[in-house]
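> predicted structure and sequence below. I'll ask about it afterward.
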Amino acid sequence: MLLVHGAGGNAAAMWPYAAHLSRLGARVTVVDLPGYGRTIRVRRGRRSVSYGDWQQLLVDLVGREHDERPLVLVGASMGGALAVDTAAVTGLADRVIATCLLDPTRPGIAAAIVRAPWIARLGLPLLQFARGAVAKPRIPVRVLTPMSAISNDPGLSHAVLTDPCGGGGPMPVGWYRSFLEAGPAIPPEQYQGPPVVLLHPAEDRWTMPELSLDYLGRLRGKTRVVMLPGCGHFPLEEPGFQVLLDEVSDEIEQLLDDQRRGS
């Protein structure tokens, strides 16, 4: 199992989930995506990190780590779409589980996830000019988005927003532009990857469920959705957290049953 964080996250933030999921019988790997966690800033004079770097890193990691065991990709927040991308490009995953699925190239999606209407009207159009030297200035994701809504627990929200390796850490302006322009690596209508399970927090105040359901509805193949009752964007509240664990456990059991029948 590979856990993928989103904007303002890092591997350390995913470790509590990894600990619970490993108890279900999975070998769990967590990864810091460039710009967050313990990753090292690109040297002066080199181009800024882009969203495409995030996509490519996950493709390379899955390719390097691939073996005979079934692979489950678990994406939190923006990591959900990255998990789908990785499965679609590599063809090596057996299941994708996401708490959120966003395609910012869809009309209205980018405007729905920013902090204020003026950012959607003025700031987002200006990002298209963030290239070259203009792409290198760094700002935290909380400046553009309502990241205080990452959790319905004020203490957790504060911890994420002030983490210098996470929500308190800045990213290059060009990274935001590349995210908004990239879209899915493969159009959802052409997706030929494994089944996708959306475990969406029912009380998400940052990315409303309908945003993810729009993406899920466009995906070819087998999909299903389960709402996590009582959970905010960073799902940890009960009873939704236990629902999340139960659903992942069921997917693991299904994969193992399929593997046994195949052998």
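Cool, the structure landed.
> who touches stretch 29-38?
1-5, 8-12, 14-15, 18, 39, 41-42, 49, 53-54, 57-58, 61, 65, 165-166, 169, 171-172, 175 (C-beta atoms under 8 Å, 6 or more residues apart in numbering). All C-beta spots, glycine's among them, are computed from the backbone N, C-alpha and C.
> buried residues in the strand or helix carrying L57, which are they?
Per DSSP states H and E: L57 is located in helix 51-65. Neighbour-count burial for helix 51-65 flags Y51, D53, W54, Q55, Q56, L57, L58, V59, L61, V62 (criterion: 16 or more other C-beta atoms under 10 Å).
> again, but for stretch 153-163
Counting neighbours by 16+ other C-beta under 10 Å, stretch 153-163 gives L156, S157, A159, V160, L161, D163 as buried.
> my read: the fifth one touches G167, true?
Yes - at 4.6 Å, L161 counts as touching G167 under the criterion of C-beta atoms under 8 Å.
> shared neighbours, these two?
G8, R142, M147, I150.
> of those, which is the most crowded?
I150 (29 neighbours; other C-beta atoms under 10 Å).
> for V89, which residues are in contact?
Taking C-beta under 8 Å, 6+ apart, one finds Q55, V59, A185, I186 in contact with V89.
> not counting its neighbours along the chain, what's nearest the last one?
The one in question is I186. Using C-beta to C-beta, 6 or more residues apart in numbering and skipping the chain neighbours, the partner closest in space to I186 is A88 (4.3 Å).
> now swap in the second one and tell me
In space, and not counting its chain neighbours, V59 is closest to V89: 5.2 Å by C-beta to C-beta, 6+ apart.
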